[in-house]
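Colleague: Model the structure of this input:
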Amino acid sequence: MVVEVVAVVVVVVVVVVVVVVVVVIVVVVIVVVEVVVIAVEEVVIVVIFIIVVVVEEEEGEEEYYIYITFILSSALRL
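Modeller: Prediction:
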């Protein structure tokens, strides 16, 4: 009889501890995700690729030069 009561108490305590740990983990994950989302919203980086094709004619030959320009700009949300 005493062994059964102790077993039930142990099972209840283990279940309560597991539930508390799971709730704490979920709350921590939610907070971390919120912080990351806010940080990403604060700084938005825009990369623009500009491709310029320059055609030069020399002695009847056309030479094509392709210039790729990277423009990196950051927009800060106020």
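Colleague: element containing residue 16, please.
Modeller: Using DSSP states H and E, residue 16 maps to helix 2-42.
Colleague: Could I get the average pLDDT for that helix?
Modeller: Helix 2-42 carries an average pLDDT of 87.
Colleague: check contacts around residue 25.
Modeller: With contact set as CB atoms under 8 Å, 6 or more residues apart in numbering, residue 25 has no partners. The way it works is simple: take the backbone N, C-alpha and C, and place the C-beta from them, glycine included.
Colleague: And residue 37, how far from residue 29?
Modeller: Taken as CB to CB, to the nearest Å, the spacing of residue 37 relative to residue 29 amounts to 12 Å.
Colleague: Residue 3 too?
Modeller: For residue 3 relative to residue 29 (CB to CB), the value is 39 Å.
Colleague: Same drill for these two, tell me which one is more crowded.
Modeller: Each of residue 3 and residue 29 has its neighbours counted (other CB atoms under 10 Å); residue 29 has more, 10 against 7.
Colleague: Count the residues that sit near residue 30.
Modeller: 10.
Colleague: can you check residue 31 too?
Modeller: 10.
Colleague: Likewise for the one 5 residues further on?
Modeller: For residue 36, the number of neighbouring residues by other CB under 10 Å comes to 10.
Colleague: do the one 4 residues further on as well
Modeller: Residue crowding around residue 40 was assessed by other CB under 10 Å; the count is 10.
Colleague: Please apply the same query to residue 8.
Modeller: Neighbour count for residue 8, taken as other CB under 10 Å: 10.
Colleague: ditto for residue 23
Modeller: 10.
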